[in-house]
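Colleague: how does the following fold in three dimensions:
(one chain, ligands or ions: 1)
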Amino acid sequence: MGGMKLHATPLSGLVVVETKSVNDDRGSFTRVFCEASLRELHPSKDIPQVNLSVTYQRGTVRGMHYQRPPAAEAKLIRCLRGRVFDVAVDLRAGSKTFLHWHAVELDADKPLQVFIPEGFAHGFQALTDNVQLLYLHTAPWRREHEGGLRPDDPALAIEWRLAISLISDKDRTAPLIDHEFAGLQP
Ligand SMILES: Cc1cn([C@H]2C[C@H](O)[C@@H](COP(=O)(O)OP(=O)(O)O[C@H]3O[C@H](C)C(=O)[C@H](O)[C@H]3O)O2)c(=O)[nH]c1=O
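Modeller: Next up, the predicted model:
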C-alpha cells in the first residue's frame, strides 16, 4: 500500500495505517494518502472533504460523532500536532463487536494514522495542549444526517486517559444509549 502498512484491530474494518517517512537533513517527507492506498481500505476512492481540527486544551474530548446513511462516511485521520487518544465505536447493527470501542494513540511524531469505516462513531481526547488533527472523509458532511453519543455513556464505558477537561454542549447533551438503540444500518 504505497509503503504503508495496515494493522488490523479487534473491530473489523477499523485499521491502523502505518506510513513511511523519508528523512534527510532537511526534515521528512510522508505520503499521507493515495488513491491506490484507499482502494485497499474502501470501495470508493473519492475524498470529497478534508477537515482540520485544532484543540487548545489537554483533556478536551470531541465526539462521539457519526453520520447516518445516506451520508455515512469513512475517515482517515492523522495527528499533525501533539498527541491524542483516538476512539472508534462500532455502531454497525448486527456486528459481533456492536458498541465495542477501540483506541489508538495518534502522535504527530509517530507514523500512525487510523482508518475508521462507515458505521462507527469517532471521538478523541487531546493528550497535550494544541493538538491538530487532519481528517480525510469519503463523504461530505451533512448536518442533518449527523448523530452523536455521549463520550461518558456508561453503555460504552470508554476509558479516557485523562479527566475530561472540556466538551461542547452538543456532546455533553448527546443522547444516552438505551435498549431501543439499534445502531446503524449499512
Ligand atoms: C464536521 C463538520 C462540522 N462543521 C461545523 C459544525 C460546527 O458549526 C463546527 C464544529 O463542528 P463540531 O462541533 O461537530 O466539531 P467537532 O466536535 O470537532 O466534530 C468533529 O470531530 C469528531 C471527533 C469527528 O469525528 C467528526 O469529524 C466531527 O464531527 O463546524 C462543518 O462545517 N463541517 C464539518 O464537516
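Colleague: what's the longest helix in this protein?
Modeller: Longest helix in the chain, counting residues (DSSP state H): helix 35-41.
Colleague: tell me which residues are up against that one.
Modeller: Here helix 35-41 makes contact (Cβ atoms under 8 Å, 6 or more residues apart in numbering) with 1-2, 4, 6, 15, 17, 31, 45, 47, 74, 76, 115, 117, 138. In this view, the C-beta of every residue, glycine as well, is placed from N, C-alpha and C.
Colleague: and it, what's its mean pLDDT?
Modeller: Averaged across helix 35-41, the pLDDT comes to 81.
Colleague: likewise stretch 70-89?
Modeller: 97.
Colleague: could I get the buried residue list for it?
Modeller: Residues of stretch 70-89 classed as buried: 71-79, 81-89 (neighbour count, 16 or more other Cβ atoms under 10 Å).
Colleague: so what are the sheet partners of the helix or strand following the longest helix of the chain and their directions?
Modeller: Sequence order places strand 49-55 as the next helix or strand after helix 35-41, per DSSP states H and E. Strand 49-55 pairs in its sheet with strand 131-137 (antiparallel), by DSSP bridges.
Colleague: quick one: distance of the longest helix of the chain to the chain centre.
Modeller: 17 Å (Cα atoms, centre = their mean, to the nearest Å).
Colleague: got it, and stretch 159-176?
Modeller: The chain centroid and the centroid of stretch 159-176 are separated by 16 Å under Cα atoms, centre = their mean.
Colleague: mind listing what's buried in it?
Modeller: Trp160, Ile167, Asp171, Ala174.
Colleague: quick one: contacts for the residue of the chain found nearest the ligand?
Modeller: Ranked by Cβ to the nearest ligand atom, the top residue of the chain for proximity to the ligand is Trp141, at 3.0 Å. Trp141 makes contact with Gln49, Asn51, Gln67, Ala71, Glu73 under the criterion Cβ under 8 Å, 6+ apart.
Colleague: change it to 7 Å
Modeller: Shown in contact with Trp141 (Cβ atoms under 7 Å, 6 or more residues apart in numbering): Gln49.
Colleague: tell me which element it is part of?
Modeller: Counting by DSSP H and E, Trp141 is part of no helix or strand.
Colleague: can you offset everything so residue one is 206?
Modeller: Will do, 206 is the new start, and the previous item becomes Trp346.
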